[in-house]
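Chemist: Turn this into a structure:
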Amino acid sequence: MRVVLCTYGSRGDVEPLVGLAVQLRALGAEVRVCAPPDEEFGDLLDGVGVPVVPVGPSARELTAAAPPPSSFPRYAAELIAGQLDAVMGAAEGCDVLVATGMLPAAAGALSVAEKLGIRSLSVTFQQLGLPSPHHPPIAYPGRPFPPGVTDNRVLWALDAESINALFGAALNTNRAAIGLPPVDDVRGYVVGDRPWLATDPVLDPWQEPADLGVVQTGAWIRPDARPLSDGLEAFLGAGEPPVYVGFGSMPLHASKDIARVVIEAVRAQGRRALVRRGWADLDLIDDRDDCFVVGEVNQQALFGRVAAVVHHGGAGTTTAAARAGAPQVVVPQAADQPYWARRVAELGIGAAHDGSTPTVNSLSAALRTSLTPETRVRARAVAGTIRTDGAAVAAKLLRDAVTQEKPPMSA
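Modeler: Coordinates of the predicted model:
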């Protein structure tokens, strides 16, 4: 079985594919991944021996540039064209293509599968991109929903209109270039008939509309056996468990003083701080020995040894902290992150910060909630319910779908 996994986005769009690739290779599949050319993504895939095909511009540079909404159609056209150029060669001879990541890029990858006549599958790492009467869609920047409209079905219809307006011309121009007919419903084309939801059912419970047929596999977790650095081990061993602070692939444009804010808030609780640089380039603010800064780090090895995890609310970090039983403070920045913040609060495993720009006082208040014994007990209890086999489940479903030549069944 030959599989090509395609994405464009941040680390949260790439790392789950690494987990799936590992499980597919364990089943004897030949796997390659099409992903942005950022060095950290190549390192992830090189680390598990999976070939990577670079697609499009640097995801980090595009995110840092924060293009205005008016430029979305132009960027969409470039992303789709990049998918057609790179994925066409990578997918030749494959049995199945898996598409995820930014919607226009996924549309481009799925168009390649259509052109080549191979099986394709659409996957999302958060349910808010799947139409449902049980939740509203996320409004695109620059295209807010009309005030007062609360009917989710109406909002999803408006969402489809926005997506067609932003990405329809870009997709159909590129499709015409490879001899494919136009698509009149871009979102419907990407979601498809039987989309997969690669999230944990406890953290992200899916309520099934009768007509969508979602397959929820559990989160795709990359196995990580890397040791922590000697310097980090020494810091962890020099005192009480610290509070980890990291915002992943979020550049935090609106929070220029974020390092000072988070460190002072952690110190206000009498705790040590462990700061991850990330795309926000966080760093220490002085030379006191109660803080330590790290770059790339094994969260699976680390999160079970910290007092709490302060983060942006990406699906991957939320799942990693929950799996480790670490209390969380989620400071959501964009997209689905307010949803994950809310789920953390609803489950009682941490606190949802109100808004994307914390102050020392607001973050201190959220930390006080997360650092209570009650939250710690609840976080440890929920940790025992988090599935760890999502990638293995997905790999077996893919294998069965290809070898038995029938649609993948529910997990």
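Chemist: where's residue 41, which helix or strand?
Modeler: Element membership for residue 41 (DSSP states H and E) is helix 39-46.
Chemist: Please name every helix or strand in contact with that helix.
Modeler: Applying 3 or more Cβ pairs under 8 Å, 6 or more residues apart in numbering; DSSP states H and E, one finds that helix 39-46 contacts helix 11-26, strand 30-35, strand 52-54. C-beta here means a position set from N, CA and C on the backbone, and glycine is covered the same way.
Chemist: In contact with the closest residue to residue 174 other than its chain neighbours, which residues?
Modeler: Nearest residue to residue 174, sequence neighbours excluded (Cβ to Cβ, 6 or more residues apart in numbering): residue 80, at 4.6 Å. For residue 80, the contacting residues are 104, 105, 107, 108, 111, 167, 170, 171, 174, by Cβ atoms under 8 Å, 6 or more residues apart in numbering.
Chemist: swap the cut-off to 7 Å and go again
Modeler: For residue 80, the contact set (Cβ atoms under 7 Å, 6 or more residues apart in numbering) comprises 104, 105, 107, 108, 170, 171, 174.
Chemist: ok, longest helix in the chain?
Modeler: For the chain, the longest helix by residue count, based on DSSP state H, is helix 152-177.
Chemist: what comes up buried for that helix?
Modeler: 152, 155-156, 158-160, 162-164, 166-168, 170-172, 174-175 (16 or more other Cβ atoms under 10 Å).
Chemist: Between the contacts of residue 80, which sits nearest residue 54?
Modeler: Nearest to residue 54, judged by Cβ to Cβ, of these is residue 105 at 13.0 Å.
Chemist: Which pLDDT value goes with the closest one?
Modeler: pLDDT for residue 105: 94.
Chemist: just the strands in the stretch 251-400 of the chain please.
Modeler: 273-276, 291-294, 308-311, 328-330, 350-352 (DSSP state E, counting those that start in this stretch).
Chemist: Same list, the ones you listed, but as JSON lines with distance to residue 29 and mean neighbour count please.
Modeler: Shown next, in JSON lines, are those (distance: least, Cβ to Cβ, whole Å; neighbours: other Cβ atoms under 10 Å):
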{"stretch": "strand 273-276", "distance to residue 29": "33", "mean neighbour count": "24"}
{"stretch": "strand 291-294", "distance to residue 29": "34", "mean neighbour count": "19"}
{"stretch": "strand 308-311", "distance to residue 29": "32", "mean neighbour count": "29"}
{"stretch": "strand 328-330", "distance to residue 29": "34", "mean neighbour count": "30"}
{"stretch": "strand 350-352", "distance to residue 29": "37", "mean neighbour count": "26"}
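Chemist: As TSV, the ones you listed with distance to residue 225 and mean pLDDT would be great.
Modeler: Below are the strands of the stretch 251-400 of the chain laid out as TSV (distance: least, Cβ to Cβ, whole Å; pLDDT from 0 to 100):
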stretch	distance to residue 225	mean pLDDT
strand 273-276	19	96
strand 291-294	18	96
strand 308-311	20	97
strand 328-330	24	97
strand 350-352	27	97
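Chemist: Out of these, which is closest to residue 237?
Modeler: Proximity to residue 237 (Cβ to Cβ) singles out strand 291-294 among the strands of the stretch 251-400 of the chain, at 11.5 Å.
Chemist: so where does the spatially closest residue to residue 6 that is not a sequence neighbour fall, helix or strand?
Modeler: Distance criterion Cβ to Cβ, 6+ apart; nearest residue to residue 6, sequence neighbours excluded, is residue 109 at 3.9 Å. Assigned by DSSP H and E, residue 109 falls within helix 103-116.
Chemist: Okay, now the unreliable bits of this structure?
Modeler: Scanning the chain with the threshold set as pLDDT under 70 gives 209-210, 250-256, 405-411.
Chemist: can I see the domain layout of it?
Modeler: 2-221+388-403, 230-383 (automatic domain parsing).
Chemist: burial of residue 208, as a residue count?
Modeler: For residue 208, the tally of surrounding residues (other Cβ atoms under 10 Å) stands at 12.
Chemist: Next, the contact list for it, please.
Modeler: With contacts defined as Cβ under 7 Å, 6+ apart, residue 208 is in contact with residue 214.
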